[in-house]
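In: Next comes the sequence, and after it the predicted model I'd like to discuss.
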Amino acid sequence: MKNSINLGGAYIGIIIGAGFASGQEVLQFFTSFGIYSVLGIVVATVLFAFLGMQVTQLGSTLQTRSHKSIIDHICGRYIGRVVDIIITFFLFGVTVIMIAGSGTIFEEQFGIPSMVGAIVMTVLTIGTLLLNVNKIMSIISAVTPFLFVIMIIISGYSFFTSNLSFNQIISSSSKGTAATGNWLMGSLLYVSYNMTAGIAMLAVMGGTFKNKKQAGMGGILGGDRIGDPVIFD
């Protein structure tokens with residue numbers, strides 16, 4: 001059970017990293033739809049749990065060392081190659097954005113040149129990748145609870161110090177620019193691009209499990225809790 005919890009925590013950390021990059025994702029895919037955003041979050045949470053279970057169980061069954069094994073298993077050799085290329089370029093783009101964002105944070109918060117901040121983050125990323133999968137999973141899982149605590153503190157502080165009433169906050173947020181025309185499509189798009197970023201690591205983490213049920217339980221536990229940070233964000 002401990003290993004399943006570690007996998008679940010790492011799953012949450014991976015999705016938070018992909019889906020909370022700019023702070024605009026939740027606003028555009030959920031909050032902008034007003035009260036319907038709650039339904040969107042429920043749909044997204046169910047899908048994250050289901051897909052997390054499926055990917056980790058497949059990873060365990062195939063004993064994967066790369067997401068490519070799962071992609072080929074689902075899509076076949078030729079279509080799988082195309083999908084693998086798309087995922088690889090997507091992950092490259094996410095990595096570049098994250099490193100650039102970290103450089104900006106270093107400059108804005110600490111007065112350190114953004115180039116130095118980007119280099120520091122690049123070195124830390126490479127150093128992390130040199131660890132084995134179980135250590136990476138444990139590190140991400142250990143950091144995840146702190147992310148939750150920080151989100152709760154910031155959300156609570158913003159709510160209680162705001163000069164706006166609750167109804168005004170809801171009204172203001174619903175006027176934001178939506179990523180799509182309706183709440184259901186927004187929810188589906190949010191899950192799809194997050195899973196595109198997350199499947200690479202999720203598949204490999206599932207491959208570390210000999211027991212398919214334990215791997216699947218980790219996917220369910222993680223997916224079931226992903227809706228929490230979306231609400232607080």
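Out: On my side now, so go ahead.

In: quick one: least confident helix or strand in the protein?
Out: Here the helix or strand of the chain ranked lowest by mean pLDDT, DSSP states H and E is helix 166-173, holding a mean of 58.

In: and the next element down the chain from it?
Out: helix 183-206 (DSSP states H and E).

In: Touching, residue 205 and residue 9? I think so.
Out: No - here residue 205 lies out of contact with residue 9, judged by Cβ atoms under 8 Å, at a distance of 10.7 Å. C-beta here means a position set from N, CA and C on the backbone, and glycine is covered the same way.

In: Name the residue in these two with the higher neighbour count.
Out: residue 205 (31 against 23; other Cβ atoms under 10 Å).

In: what's the distance between the more buried one and residue 220?
Out: Distance of residue 205 to residue 220, computed by Cβ to Cβ, to the nearest Å: 14 Å.

In: How about residue 200?
Out: Counting by Cβ to Cβ - residue 200 and residue 220 are separated by 20 Å.

In: Could you tell me which ranges of the chain sit under the pLDDT cut-off?
Out: Along the chain, the model assigns pLDDT under 70 to residues 17-23, 162-176, 229-233.

In: Looking at it, which helix is longest?
Out: helix 77-110 (DSSP state H).

In: What's the first helix or strand after that one?
Out: helix 114-129.

In: Can you list the buried residues in that next one?
Out: Neighbour counts using 16 or more other Cβ atoms under 10 Å place 114, 117, 118, 121 of helix 114-129 among the buried residues.

In: what does stretch 95-114 give?
Out: 98, 99, 101, 102, 103, 106, 107, 114.

In: Helix 183-206 and the helix or strand where residue 150 lies, what's the angle between them?
Out: Residue 150 belongs to helix 133-161 when assigned by DSSP H and E. Counting by axes from the mean of the first three to the mean of the last three Cα atoms, to 10 degrees, helix 133-161 lies at 150 degrees to helix 183-206.

In: So which elements touch helix 133-161?
Out: Counting by 3 or more Cβ pairs under 8 Å, 6 or more residues apart in numbering; DSSP states H and E, the packing neighbours recorded for helix 133-161 are helix 2-19, helix 114-129, helix 183-206, helix 227-232.

In: what about 7 Å?
Out: helix 2-19, helix 183-206, helix 227-232 (3 or more Cβ pairs under 7 Å, 6 or more residues apart in numbering; DSSP states H and E).

In: Great, nothing more from me.
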